[in-house]
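Q: Quick one: sequence and predicted model below, then my questions.
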Amino acid sequence: MEIEIVAEGLGFAEGPVVMPNGDIVTVDVRGGRLMRTQADGSTREIASPGGGPNGAAIGPDGALYVVNNGGFPWSNRNGMLIPLDEHGSNQPANFEGGWVDRIDPETGNIDRIFDGLDGERFRGPNDIVFDQTGGFWFTDLGKSDARSMDRGSLFYARPDGSGLRRIASGLMGPNGVGLSPDGSIVYVAETMTGRLLAWDVVGPGELSGPQRILMATPNHFDSLAVEADGTVVVAAISHGICVFRPSGEIDYVDVPDFMTTNICFGEDDMQSAFITMSASGRLAKARWPRPGLRLAF
């Protein structure tokens, strides 16, 4: 697959979002900012929420909803910046917790929606997806160090901050989250296990039955996207993009960056894949063999 570099200098790029006019917004996890890339490859900062903005999605009001992990420590390993310190911890000094913001993509105005549930701060909000009713699912990956690791959760809420509740818990690094084309399944990619999990959805923020393991791999999974036919594509650290077909077939797409972290689809036919390459701070574009799923907003 031929890959075109669209933009560079985006920091630790994640959370790509295709805007209505075709611009691409990415988060810079390390820089605590949001970047907007235009068709000519020019980039500009549009907001600076601080912490570690990790995932973003357009809500029903046209604003960007950004889940923020609260920040990471960073270290240089073999010339590459990674979100861990020398002891293997991803919790920075003086860490207070993560949060969720509403950000106006035109003015850069930032409103914090919430930062925890029942008096407990979030540990590492990571990825987000809206459903057709205007509510959103998001993951909390948690924090870990050389000796211990948080068990993460899947949450659901409304854009005004109402209806926030924990939907699933005890997960091993829940990262990417997505919905099937008809909204009847919610998918979560686990970073620590390389598993793709699925639950049946029976209503906004309501599940039926236990989680299912759709695949288990040797990868460290990051964020994900869904194709129009229900194929799930997951960024697999050091392995490019992992493709899980509804038939159960698994395939991989090579990407020239060790830290391939996310993918989204856009343009008229939804066959343009935009891929964040975090180790090199680049945004790439590729012609995908099938159309991606149009998101709710």
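A: Nice, thanks for sending it over. Please read these numbers as outputs of a predicted model, since none were measured by experiment.
Q: Give me the helices and strands touching the strand or helix carrying Ile113, please.
A: If you go by DSSP states H and E, Ile113 is part of strand 110-114. Here strand 110-114 touches strand 99-103, going by 3 or more Cβ pairs under 8 Å, 6 or more residues apart in numbering; DSSP states H and E. Where you see a C-beta, it was placed from the backbone N, CA and C, and this is true even at glycine.
Q: pLDDT (mean, whole number) over the strand it packs on?
A: Mean per-residue pLDDT for strand 99-103: 98.
Q: how much does that strand deviate in direction from strand 110-114?
A: Relative orientation of strand 99-103 versus strand 110-114 (axes from the mean of the first three to the mean of the last three Cα atoms, to 10 degrees): 140 degrees.
Q: Could you report the neighbour count for the nearest residue to Phe122 once chain neighbours are set aside?
A: Of all residues not flanking Phe122 in the chain, Gly98 sits nearest, at 4.1 Å (Cβ to Cβ, 6 or more residues apart in numbering). Gly98 has 26 neighbouring residues, counting by other Cβ atoms under 10 Å.
Q: what's the answer for Leu34, then?
A: Neighbours of Leu34 under the rule other Cβ under 10 Å: 26.
Q: that older thread, how near is the residue nearest to Phe122 to Ile185?
A: 26 Å (Cβ to Cβ, to the nearest Å).
Q: helices or strands next to the least confident helix or strand in the chain by mean pLDDT in the packing?
A: Least confident helix or strand, the chain: strand 80-82 with a mean of 82, by mean pLDDT, DSSP states H and E. Judged by 3+ Cβ pairs under 8 Å, 6+ apart, strand 80-82 is in contact with strand 75-77.
Q: List the neighbouring strands of the strand it packs on plus their orientation.
A: Here strand 75-77 has these sheet partners by DSSP bridges: strand 80-82 (antiparallel).
Q: Which residues does the partner strand contact?
A: 12, 30, 74-76, 258-259, 279 (Cβ atoms under 8 Å, 6 or more residues apart in numbering).
Q: hmm, who's touching the strand holding Ile113?
A: Residues outside strand 110-114 that contact it (Cβ under 8 Å, 6+ apart) are 47, 49, 65, 99-104, 157, 159-161, 164.
Q: This completes my enquiry, with thanks.
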